[in-house]
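Enquirer: mind looking at a prediction? Sequence and model below.
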Amino acid sequence: MKAHIALLAIALALGAALVTPAAAQTGEGAGLGVDVNSSGLTLVQMAVPDAISLGGAPDTRGVTEALTGTINRDLTLTGYFNLIDKAGFLADPKAEGMDPDYKAWFNTGTQGLIKAGYRIEGTKVVVDLRLFSVDGSARITLPKPYDGPVELPLEPTRIRRHAHGFVNEVIRYYTKAPGFFNSRIVVVKRVGRAKELFMVSPDGLEETQLTKSGGVNMLPAIGGGAIYFTSFRAGGPHLFKLQGGKTTPFSTHKGLNTGAVLSPDGGTVAATLSKDGNAEIYLLNAANGQIKKRVTNSWGIDTSPTWSPDGTRLAFVSDRHGSPQIWLMNADGSNQRRLTFQGDYNQTPDWSPKGDKVVFTARDERNVFDLFTVNVGTGQIERLTQNQGNNEEPTWSPDGRFIAFTSTRTGESKLYLMTADGRVQHPISTGKGEYFTPSWAR
(Lines give C-alpha, C1' and ligand atoms only; values in the text may rest on other atoms or scores of the structure.)
Protein backbone atom coordinates (compact mmCIF):
# COMPACT_ATOMS: atom_id res chain seq x y z
CA MET A 1 0.00 0.00 0.00
CA LYS A 2 1.14 3.44 -0.84
CA ALA A 3 1.11 5.66 2.25
CA HIS A 4 1.02 9.40 1.83
CA ILE A 5 2.12 11.50 4.72
CA ALA A 6 -1.19 13.32 5.06
CA LEU A 7 -3.09 10.04 4.90
CA LEU A 8 -0.68 8.42 7.34
CA ALA A 9 -1.05 11.23 9.82
CA ILE A 10 -4.83 11.17 9.66
CA ALA A 11 -4.96 7.38 9.91
CA LEU A 12 -2.70 7.20 12.94
CA ALA A 13 -4.36 10.14 14.65
CA LEU A 14 -7.78 8.51 14.32
CA GLY A 15 -6.51 5.00 15.04
CA ALA A 16 -7.56 3.81 11.60
CA ALA A 17 -5.82 1.66 9.02
CA LEU A 18 -3.57 3.15 6.35
CA VAL A 19 -5.52 4.45 3.37
CA THR A 20 -4.50 3.57 -0.17
CA PRO A 21 -4.85 5.89 -3.16
CA ALA A 22 -7.50 3.63 -4.65
CA ALA A 23 -9.58 3.91 -1.51
CA ALA A 24 -9.09 7.64 -1.34
CA GLN A 25 -10.35 8.01 -4.89
CA THR A 26 -13.79 6.69 -4.00
CA GLY A 27 -14.58 9.90 -2.13
CA GLU A 28 -16.75 12.60 -3.64
CA GLY A 29 -15.74 16.22 -4.17
CA ALA A 30 -15.20 19.00 -6.65
CA GLY A 31 -11.56 18.06 -7.23
CA LEU A 32 -9.06 20.30 -9.00
CA GLY A 33 -10.37 21.14 -12.46
CA VAL A 34 -7.36 22.87 -14.05
CA ASP A 35 -6.06 22.42 -17.60
CA VAL A 36 -2.52 21.22 -18.22
CA ASN A 37 -0.08 24.08 -18.63
CA SER A 38 1.81 24.29 -21.92
CA SER A 39 4.45 26.66 -23.20
CA GLY A 40 6.67 27.01 -26.23
CA LEU A 41 10.43 26.49 -26.17
CA THR A 42 12.97 26.73 -28.95
CA LEU A 43 15.09 23.58 -28.88
CA VAL A 44 18.79 23.52 -29.70
CA GLN A 45 19.47 21.25 -32.69
CA MET A 46 22.22 19.04 -31.25
CA ALA A 47 24.27 16.32 -32.95
CA VAL A 48 25.99 13.68 -30.81
CA PRO A 49 27.89 11.12 -32.93
CA ASP A 50 29.18 7.96 -31.25
CA ALA A 51 32.37 8.27 -29.25
CA ILE A 52 35.54 7.57 -31.24
CA SER A 53 38.30 5.21 -30.14
CA LEU A 54 41.31 7.45 -30.73
CA GLY A 55 43.67 4.54 -30.32
CA GLY A 56 41.86 2.53 -32.94
CA ALA A 57 41.24 -0.42 -30.63
CA PRO A 58 37.70 -1.88 -30.54
CA ASP A 59 35.54 -0.91 -27.58
CA THR A 60 35.20 -4.03 -25.44
CA ARG A 61 34.64 -2.20 -22.14
CA GLY A 62 31.45 -0.25 -22.86
CA VAL A 63 33.17 3.14 -23.03
CA THR A 64 31.10 4.33 -26.00
CA GLU A 65 27.83 3.65 -24.21
CA ALA A 66 29.11 5.18 -20.99
CA LEU A 67 29.96 8.38 -22.87
CA THR A 68 27.58 8.76 -25.81
CA GLY A 69 24.69 6.89 -24.20
CA THR A 70 24.91 9.01 -21.06
CA ILE A 71 25.16 12.28 -22.98
CA ASN A 72 22.21 11.41 -25.22
CA ARG A 73 20.02 10.34 -22.31
CA ASP A 74 20.85 13.43 -20.26
CA LEU A 75 20.19 15.83 -23.12
CA THR A 76 16.88 14.12 -23.89
CA LEU A 77 15.70 14.28 -20.28
CA THR A 78 16.19 18.04 -20.10
CA GLY A 79 13.84 18.82 -22.98
CA TYR A 80 16.18 21.60 -24.13
CA PHE A 81 17.63 19.76 -27.12
CA ASN A 82 16.45 18.07 -30.27
CA LEU A 83 18.91 15.27 -31.03
CA ILE A 84 19.55 14.96 -34.75
CA ASP A 85 19.07 11.45 -36.15
CA LYS A 86 22.42 9.84 -36.91
CA ALA A 87 21.01 8.57 -40.19
CA GLY A 88 20.85 12.18 -41.35
CA PHE A 89 24.48 13.03 -40.67
CA LEU A 90 26.24 14.37 -43.77
CA ALA A 91 29.66 14.30 -42.14
CA ASP A 92 31.58 11.10 -41.39
CA PRO A 93 32.27 11.44 -37.61
CA LYS A 94 35.04 8.82 -37.56
CA ALA A 95 36.80 10.14 -40.64
CA GLU A 96 36.91 13.72 -39.39
CA GLY A 97 37.96 12.71 -35.87
CA MET A 98 37.76 15.38 -33.20
CA ASP A 99 37.85 18.33 -35.63
CA PRO A 100 34.48 18.86 -37.31
CA ASP A 101 33.66 19.73 -40.90
CA TYR A 102 31.46 22.68 -39.95
CA LYS A 103 29.89 23.04 -43.40
CA ALA A 104 28.71 19.41 -43.45
CA TRP A 105 27.22 19.72 -39.98
CA PHE A 106 25.61 23.07 -40.81
CA ASN A 107 23.92 21.53 -43.85
CA THR A 108 22.45 18.90 -41.55
CA GLY A 109 20.72 21.64 -39.56
CA THR A 110 23.06 21.26 -36.60
CA GLN A 111 23.53 24.16 -34.18
CA GLY A 112 25.49 22.38 -31.47
CA LEU A 113 27.87 19.44 -31.89
CA ILE A 114 29.34 17.21 -29.19
CA LYS A 115 32.41 15.15 -30.00
CA ALA A 116 33.60 12.36 -27.70
CA GLY A 117 36.91 10.57 -28.02
CA TYR A 118 38.75 8.12 -25.79
CA ARG A 119 41.94 6.12 -25.58
CA ILE A 120 42.20 3.05 -23.34
CA GLU A 121 45.54 2.75 -21.55
CA GLY A 122 45.62 -0.32 -19.33
CA THR A 123 43.29 0.25 -16.37
CA LYS A 124 42.83 3.91 -17.33
CA VAL A 125 41.00 5.70 -20.10
CA VAL A 126 41.76 9.16 -21.47
CA VAL A 127 38.45 10.86 -22.28
CA ASP A 128 38.15 13.93 -24.49
CA LEU A 129 34.74 15.63 -24.66
CA ARG A 130 34.20 18.74 -26.77
CA LEU A 131 31.34 21.12 -27.53
CA PHE A 132 31.23 23.01 -30.82
CA SER A 133 29.06 25.85 -32.09
CA VAL A 134 28.33 24.92 -35.69
CA ASP A 135 26.64 28.27 -36.32
CA GLY A 136 29.78 30.04 -35.10
CA SER A 137 32.26 27.52 -36.59
CA ALA A 138 34.09 27.43 -33.26
CA ARG A 139 34.83 25.17 -30.33
CA ILE A 140 33.21 26.24 -27.07
CA THR A 141 35.59 26.37 -24.10
CA LEU A 142 34.02 24.76 -21.04
CA PRO A 143 35.36 24.88 -17.44
CA LYS A 144 37.94 22.33 -16.33
CA PRO A 145 37.97 19.34 -16.30
CA TYR A 146 35.58 19.42 -19.27
CA ASP A 147 37.78 21.45 -21.62
CA GLY A 148 40.00 18.66 -22.98
CA PRO A 149 41.50 15.23 -22.31
CA VAL A 150 41.22 13.85 -18.78
CA GLU A 151 42.44 10.52 -17.40
CA LEU A 152 39.84 8.40 -15.61
CA PRO A 153 39.66 4.89 -14.14
CA LEU A 154 38.34 2.44 -16.70
CA GLU A 155 35.08 2.07 -14.78
CA PRO A 156 31.65 2.77 -16.35
CA THR A 157 30.41 4.60 -13.23
CA ARG A 158 33.35 7.03 -13.23
CA ILE A 159 33.10 7.57 -16.98
CA ARG A 160 29.36 8.22 -16.72
CA ARG A 161 29.95 10.66 -13.87
CA HIS A 162 32.37 12.62 -16.05
CA ALA A 163 29.85 12.61 -18.90
CA HIS A 164 27.16 13.90 -16.51
CA GLY A 165 29.47 16.73 -15.46
CA PHE A 166 30.15 17.59 -19.08
CA VAL A 167 26.42 17.75 -19.85
CA ASN A 168 25.92 19.96 -16.80
CA GLU A 169 28.34 22.45 -18.36
CA VAL A 170 26.74 22.16 -21.80
CA ILE A 171 23.42 23.05 -20.16
CA ARG A 172 25.08 25.97 -18.38
CA TYR A 173 26.41 27.26 -21.71
CA TYR A 174 22.97 27.26 -23.34
CA THR A 175 20.78 28.19 -20.35
CA LYS A 176 23.13 30.15 -18.04
CA ALA A 177 22.57 27.66 -15.20
CA PRO A 178 24.26 24.26 -14.73
CA GLY A 179 22.50 20.93 -15.03
CA PHE A 180 21.71 18.55 -12.18
CA PHE A 181 23.06 15.25 -13.44
CA ASN A 182 25.59 14.69 -10.66
CA SER A 183 23.01 15.24 -7.94
CA ARG A 184 21.13 12.38 -6.29
CA ILE A 185 17.55 11.37 -5.43
CA VAL A 186 16.68 9.25 -2.42
CA VAL A 187 13.57 7.14 -2.89
CA VAL A 188 11.65 4.29 -1.28
CA LYS A 189 11.55 1.08 -3.30
CA ARG A 190 9.65 -2.11 -2.66
CA VAL A 191 11.96 -5.07 -2.11
CA GLY A 192 9.89 -8.20 -1.66
CA ARG A 193 7.53 -7.37 1.22
CA ALA A 194 9.80 -4.63 2.57
CA LYS A 195 10.20 -0.99 1.63
CA GLU A 196 13.82 0.16 1.64
CA LEU A 197 15.67 3.38 0.87
CA PHE A 198 17.66 3.67 -2.35
CA MET A 199 19.88 6.39 -3.79
CA VAL A 200 19.15 6.96 -7.49
CA SER A 201 20.92 9.07 -10.10
CA PRO A 202 18.68 11.60 -11.90
CA ASP A 203 18.90 9.56 -15.11
CA GLY A 204 17.84 6.46 -13.18
CA LEU A 205 20.69 4.24 -14.35
CA GLU A 206 22.47 3.99 -11.02
CA GLU A 207 20.80 2.67 -7.87
CA THR A 208 22.34 2.01 -4.48
CA GLN A 209 20.38 0.35 -1.68
CA LEU A 210 20.80 2.27 1.57
CA THR A 211 18.75 0.27 4.08
CA LYS A 212 18.26 -3.47 4.53
CA SER A 213 15.96 -3.59 7.53
CA GLY A 214 13.46 -5.96 5.96
CA GLY A 215 10.63 -3.74 7.20
CA VAL A 216 8.88 -0.54 6.25
CA ASN A 217 11.01 2.56 5.72
CA MET A 218 9.29 5.57 4.25
CA LEU A 219 9.17 9.31 3.54
CA PRO A 220 12.89 10.08 3.21
CA ALA A 221 14.21 13.63 2.99
CA ILE A 222 17.81 14.34 2.08
CA GLY A 223 19.83 17.36 3.13
CA GLY A 224 23.03 18.39 4.84
CA GLY A 225 24.72 15.10 4.03
CA ALA A 226 22.05 13.14 5.93
CA ILE A 227 18.80 11.37 5.19
CA TYR A 228 15.89 11.66 7.62
CA PHE A 229 13.20 9.03 7.29
CA THR A 230 10.37 7.25 9.08
CA SER A 231 10.70 3.58 9.99
CA PHE A 232 8.75 0.98 11.92
CA ARG A 233 11.92 -0.97 12.78
CA ALA A 234 11.69 -0.16 16.50
CA GLY A 235 7.91 -0.26 16.86
CA GLY A 236 7.52 3.24 15.33
CA PRO A 237 6.60 5.12 13.43
CA HIS A 238 9.83 6.80 14.53
CA LEU A 239 12.24 9.14 12.79
CA PHE A 240 15.76 7.98 11.98
CA LYS A 241 18.83 9.72 10.62
CA LEU A 242 21.14 8.04 8.12
CA GLN A 243 24.55 9.68 7.84
CA GLY A 244 27.96 8.30 6.93
CA GLY A 245 26.49 4.85 6.47
CA LYS A 246 25.17 4.77 10.05
CA THR A 247 21.49 4.85 11.03
CA THR A 248 20.56 6.33 14.42
CA PRO A 249 17.20 7.15 16.08
CA PHE A 250 16.29 10.81 15.69
CA SER A 251 12.78 11.27 17.15
CA THR A 252 11.04 8.47 19.03
CA HIS A 253 8.17 10.19 20.84
CA LYS A 254 4.92 8.36 21.50
CA GLY A 255 2.68 8.37 18.44
CA LEU A 256 3.60 9.78 15.05
CA ASN A 257 7.16 10.89 14.19
CA THR A 258 7.39 11.59 10.49
CA GLY A 259 7.82 14.05 7.62
CA ALA A 260 11.22 15.39 8.66
CA VAL A 261 12.78 18.06 6.42
CA LEU A 262 16.02 19.95 7.06
CA SER A 263 16.07 23.75 7.03
CA PRO A 264 18.24 25.52 4.41
CA ASP A 265 20.72 26.60 7.11
CA GLY A 266 21.08 22.98 8.26
CA GLY A 267 20.27 23.67 11.89
CA THR A 268 16.60 22.76 12.22
CA VAL A 269 14.34 19.91 11.16
CA ALA A 270 10.60 20.47 10.72
CA ALA A 271 8.61 17.31 11.39
CA THR A 272 5.17 16.03 12.31
CA LEU A 273 4.69 14.65 15.83
CA SER A 274 1.54 13.48 17.59
CA LYS A 275 3.04 13.04 21.06
CA ASP A 276 0.38 15.32 22.57
CA GLY A 277 -2.51 13.55 20.88
CA ASN A 278 -2.89 15.48 17.63
CA ALA A 279 -0.59 15.59 14.61
CA GLU A 280 1.19 18.96 14.72
CA ILE A 281 4.36 20.45 13.25
CA TYR A 282 7.40 20.84 15.46
CA LEU A 283 10.89 22.22 14.97
CA LEU A 284 13.68 19.88 16.09
CA ASN A 285 17.40 20.32 16.57
CA ALA A 286 19.01 18.83 13.46
CA ALA A 287 21.92 17.40 15.46
CA ASN A 288 20.07 15.50 18.18
CA GLY A 289 16.32 15.65 17.47
CA GLN A 290 15.48 17.62 20.61
CA ILE A 291 12.32 19.71 20.28
CA LYS A 292 12.91 23.42 19.79
CA LYS A 293 9.36 24.59 19.29
CA ARG A 294 5.85 23.53 18.38
CA VAL A 295 4.68 25.75 15.51
CA THR A 296 1.07 24.61 14.87
CA ASN A 297 -1.79 24.08 17.28
CA SER A 298 -5.14 23.40 15.63
CA TRP A 299 -7.92 20.89 16.01
CA GLY A 300 -7.10 19.51 12.52
CA ILE A 301 -4.17 17.50 11.25
CA ASP A 302 -1.09 19.61 10.42
CA THR A 303 1.62 17.76 8.53
CA SER A 304 3.99 17.60 5.51
CA PRO A 305 6.14 20.70 6.19
CA THR A 306 8.44 22.05 3.48
CA TRP A 307 10.85 24.98 3.85
CA SER A 308 11.02 28.09 1.69
CA PRO A 309 14.51 28.40 0.12
CA ASP A 310 15.42 31.27 2.46
CA GLY A 311 14.30 29.32 5.53
CA THR A 312 11.90 32.02 6.74
CA ARG A 313 8.63 30.21 5.97
CA LEU A 314 7.06 26.78 5.83
CA ALA A 315 4.35 25.39 3.60
CA PHE A 316 2.37 22.49 5.07
CA VAL A 317 -0.84 20.49 4.81
CA SER A 318 -3.76 21.09 7.15
CA ASP A 319 -7.36 19.86 7.16
CA ARG A 320 -8.43 22.42 9.78
CA HIS A 321 -11.06 23.77 7.35
CA GLY A 322 -12.45 20.33 6.58
CA SER A 323 -10.20 18.96 3.80
CA PRO A 324 -6.43 18.73 3.29
CA GLN A 325 -5.16 22.04 1.83
CA ILE A 326 -1.79 23.73 1.41
CA TRP A 327 -1.07 26.38 4.04
CA LEU A 328 1.77 28.84 4.68
CA MET A 329 3.28 30.17 7.89
CA ASN A 330 6.38 31.92 9.12
CA ALA A 331 9.07 29.58 10.41
CA ASP A 332 8.17 30.53 14.00
CA GLY A 333 4.53 29.51 13.45
CA SER A 334 3.13 33.01 13.04
CA ASN A 335 0.97 34.33 10.19
CA GLN A 336 -0.65 31.02 9.23
CA ARG A 337 -2.78 31.35 6.11
CA ARG A 338 -4.40 29.08 3.58
CA LEU A 339 -2.71 28.97 0.15
CA THR A 340 -4.96 26.63 -1.90
CA PHE A 341 -8.72 27.02 -2.24
CA GLN A 342 -9.37 24.64 -5.12
CA GLY A 343 -9.75 20.90 -4.62
CA ASP A 344 -10.65 18.85 -1.59
CA TYR A 345 -7.54 16.69 -1.19
CA ASN A 346 -4.24 18.57 -1.60
CA GLN A 347 -1.06 17.07 -0.14
CA THR A 348 2.73 16.38 -0.38
CA PRO A 349 3.89 19.98 -1.00
CA ASP A 350 7.46 20.86 -1.97
CA TRP A 351 8.65 24.47 -2.12
CA SER A 352 10.60 25.41 -5.25
CA PRO A 353 14.27 26.39 -4.82
CA LYS A 354 13.36 29.50 -6.81
CA GLY A 355 10.92 30.46 -4.05
CA ASP A 356 7.96 31.33 -6.25
CA LYS A 357 5.90 28.12 -6.32
CA VAL A 358 4.90 25.09 -4.30
CA VAL A 359 4.32 21.85 -6.20
CA PHE A 360 1.81 19.42 -4.70
CA THR A 361 -0.38 16.38 -5.30
CA ALA A 362 -4.12 16.84 -5.60
CA ARG A 363 -7.14 14.72 -6.38
CA ASP A 364 -8.79 16.13 -9.49
CA GLU A 365 -12.42 16.21 -10.62
CA ARG A 366 -12.11 12.60 -11.87
CA ASN A 367 -10.89 11.35 -8.48
CA VAL A 368 -7.40 10.79 -9.88
CA PHE A 369 -4.21 12.10 -8.29
CA ASP A 370 -2.23 14.60 -10.38
CA LEU A 371 0.46 17.24 -9.89
CA PHE A 372 -0.08 20.98 -9.67
CA THR A 373 1.85 24.10 -8.72
CA VAL A 374 0.52 27.06 -6.79
CA ASN A 375 2.13 30.48 -6.96
CA VAL A 376 3.04 31.55 -3.43
CA GLY A 377 2.35 35.21 -4.15
CA THR A 378 -0.82 35.03 -6.24
CA GLY A 379 -2.34 31.66 -5.43
CA GLN A 380 -2.59 30.83 -9.14
CA ILE A 381 -2.69 27.09 -9.80
CA GLU A 382 -1.23 25.36 -12.85
CA ARG A 383 -1.68 21.73 -13.75
CA LEU A 384 1.35 19.61 -14.73
CA THR A 385 -0.03 16.09 -15.35
CA GLN A 386 -3.28 14.69 -16.71
CA ASN A 387 -4.80 11.48 -18.08
CA GLN A 388 -1.77 9.30 -17.24
CA GLY A 389 -2.58 7.28 -14.13
CA ASN A 390 -1.91 8.60 -10.65
CA ASN A 391 0.95 11.11 -10.49
CA GLU A 392 2.17 11.95 -6.99
CA GLU A 393 4.94 12.86 -4.54
CA PRO A 394 6.75 15.66 -6.42
CA THR A 395 10.23 16.90 -5.52
CA TRP A 396 12.09 19.81 -7.14
CA SER A 397 15.52 19.56 -8.75
CA PRO A 398 18.28 21.69 -7.17
CA ASP A 399 17.88 24.36 -9.86
CA GLY A 400 14.07 24.49 -9.61
CA ARG A 401 13.66 23.75 -13.32
CA PHE A 402 12.63 20.08 -13.06
CA ILE A 403 10.45 17.87 -10.90
CA ALA A 404 10.86 14.18 -10.06
CA PHE A 405 7.69 12.30 -9.13
CA THR A 406 6.03 8.90 -9.14
CA SER A 407 3.42 7.74 -11.64
CA THR A 408 1.32 4.62 -12.22
CA ARG A 409 0.80 5.40 -15.91
CA THR A 410 2.34 2.05 -16.91
CA GLY A 411 0.78 0.06 -14.06
CA GLU A 412 3.33 0.01 -11.24
CA SER A 413 4.47 3.12 -9.44
CA LYS A 414 7.67 4.25 -11.18
CA LEU A 415 9.96 7.27 -10.99
CA TYR A 416 9.58 10.04 -13.59
CA LEU A 417 11.19 13.36 -14.43
CA MET A 418 9.55 16.39 -16.00
CA THR A 419 10.26 20.02 -16.75
CA ALA A 420 8.79 22.47 -14.24
CA ASP A 421 5.93 23.31 -16.60
CA GLY A 422 5.08 19.65 -17.23
CA ARG A 423 5.83 20.00 -20.94
CA VAL A 424 8.45 17.22 -21.14
CA GLN A 425 8.05 14.03 -19.10
CA HIS A 426 10.24 10.92 -19.11
CA PRO A 427 10.45 7.73 -17.03
CA ILE A 428 13.80 7.43 -15.26
CA SER A 429 13.52 4.39 -12.99
CA THR A 430 15.14 1.36 -14.58
CA GLY A 431 14.99 -1.24 -11.81
CA LYS A 432 12.26 -3.74 -11.03
CA GLY A 433 9.68 -3.00 -8.36
CA GLU A 434 7.68 0.02 -7.28
CA TYR A 435 9.10 3.41 -6.29
CA PHE A 436 7.65 5.87 -3.77
CA THR A 437 8.24 9.31 -2.21
CA PRO A 438 11.38 10.62 -3.95
CA SER A 439 13.41 13.42 -2.34
CA TRP A 440 15.94 15.33 -4.44
CA ALA A 441 19.15 16.49 -2.72
CA ARG A 442 19.64 20.23 -2.97
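Expert: Perfect, I can see it now.
Enquirer: grab the longest helix from this structure for me.
Expert: For the chain, the helix that runs over the most residues, judged by DSSP state H, is helix 156-175.
Enquirer: quick check: buried residues in that one?
Expert: Of the residues in helix 156-175, 156, 159-171, 173-174 count as buried by neighbour count, 16 or more other C-beta atoms under 10 Å. C-betas here are computed from N, CA, C, even on glycine.
Enquirer: following whichever strand or helix holds residue 106, which helix or strand comes up?
Expert: Secondary structure assignment for residue 106, by DSSP states H and E: helix 102-107. Using DSSP H and E, the helix or strand that directly follows helix 102-107 along the chain is strand 112-121.
Enquirer: tell me what angle whatever helix or strand comes next after that next one forms with helix 156-175.
Expert: Helices and strands here follow DSSP H and E; after strand 112-121, the next one along the chain is strand 124-133. Strand 124-133 and helix 156-175 are oriented at 20 degrees to each other (axes from the mean of the first three to the mean of the last three C-alpha atoms, to 10 degrees).
Enquirer: and strand 124-133, which strands flank it?
Expert: Within its sheet, and counting by DSSP bridges, strand 124-133 is paired with strand 112-121 (antiparallel), strand 138-140 (antiparallel), strand 150-153 (antiparallel).
Enquirer: out of those, deepest packed?
Expert: Highest mean neighbour count among the strands paired with strand 124-133 (mean count of other C-beta atoms under 10 Å): strand 112-121, with a mean of 21.
Enquirer: so how far is it from its chain's centroid?
Expert: Taking C-alpha atoms, centre = their mean, to the nearest Å, one finds strand 112-121 lying 29 Å from the centre of the chain it belongs to.
Enquirer: over to stretch 229-238?
Expert: In this view, stretch 229-238 has its centroid 24 Å away from the chain centroid, taken as C-alpha atoms, centre = their mean.
Enquirer: which residues are contacting that stretch?
Expert: With C-beta atoms under 8 Å, 6 or more residues apart in numbering as the test, stretch 229-238 has contacts from 8, 12, 197, 211, 213, 215-221, 239-240, 242, 249-252, 256-260.
Enquirer: and the buried ones among those residues, selectable in PyMOL?
Expert: Selection of buried members from the contacts of stretch 229-238 for PyMOL, criterion 16+ other C-beta under 10 Å:
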select buried, resi 8+12+197+211+213+215+216+217+218+219+220+221+239+240+242+250+251+256+257+258+259+260
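Enquirer: in strands only, show me the contacts of stretch 229-238.
Expert: Using DSSP state E, 197, 217-221, 239-240, 242, 249-251, 257-260 are the members of the contacts of stretch 229-238 that sit in strands.
Enquirer: out of the buried residues of helix 156-175, who's nearest residue 419?
Expert: Nearest to residue 419 among the buried residues of helix 156-175 is residue 171, at 12.6 Å by C-beta to C-beta.
Enquirer: give me the pLDDT value at that closest one.
Expert: Note on residue 171: pLDDT of 96.
Enquirer: that one is in contact with residue 78, isn't it?
Expert: Yes: taking C-beta atoms under 8 Å as the definition, residue 171 is a contact partner of residue 78 at 6.4 Å.
Enquirer: overlap in contacts, the two.
Expert: Residues touching both residue 171 and residue 78 by C-beta under 8 Å, 6+ apart: residue 179.
Enquirer: count the residues that sit near the residue nearest to residue 260 when sequence neighbours are not counted.
Expert: Spatially, and ignoring its direct neighbours in sequence, residue 260 is nearest to residue 228 (3.7 Å; C-beta to C-beta, 6 or more residues apart in numbering). Close neighbours of residue 228, defined as other C-beta atoms under 10 Å, add up to 29.
Enquirer: mind listing the helices for this protein?
Expert: Here the chain has its helices, by DSSP H, at 5-14, 21-24, 63-64, 70-78, 93-96, 102-107, 156-175.
Enquirer: quick one on the thing from earlier: closest to residue 398 among the ones in strands among the contacts of stretch 229-238?
Expert: Distances from residue 398 to the ones in strands among the contacts of stretch 229-238, taken by C-beta to C-beta, are shortest for residue 221, at 14.2 Å.
Enquirer: okay, now the domains of this protein?
Expert: Following automatic domain parsing, one finds the domains of the chain at 44-175, 184-440.
Enquirer: now the longest one: how far from the chain's centre is it?
Expert: From the chain centre to the centre of domain 184-440 is a distance of 11 Å (C-alpha atoms, centre = their mean).
Enquirer: repeat that for the first one.
Expert: The chain centroid and the centroid of domain 44-175 are separated by 25 Å under C-alpha atoms, centre = their mean.
Enquirer: circling back to that earlier point, tell me which of the buried residues of helix 156-175 is nearest to residue 192?
Expert: residue 156 (27.6 Å).
Enquirer: list the contacts for that closest one?
Expert: Here residue 156 is in contact with 61, 62, 65, 66 (C-beta under 8 Å, 6+ apart).
Enquirer: let's go with 6 Å and repeat that
Expert: 62, 66 (C-beta atoms under 6 Å, 6 or more residues apart in numbering).
Enquirer: what distance do you get for it to residue 206?
Expert: Distance, residue 156 to residue 206, by C-beta to C-beta, to the nearest Å: 10 Å.
Enquirer: that older thread, who's the residue nearest to residue 260 bridged to?
Expert: Here residue 228, judged by DSSP bridges, has bridge partners residue 221, residue 241.
Enquirer: nearest residue to residue 319 other than its sequence neighbours?
Expert: residue 300 (4.5 Å).
Enquirer: tell me how many other residues crowd that neighbour.
Expert: By other C-beta under 10 Å, 21 other residues sit near residue 300.
Enquirer: hang on, the earlier thing: dump the strands paired with strand 124-133 into CSV; add distance to residue 44 as well.
Expert: Shown next, in CSV, are the strands paired with strand 124-133 (distance: least, C-beta to C-beta, whole Å):
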stretch, distance to residue 44
strand 112-121, 5
strand 138-140, 12
strand 150-153, 25
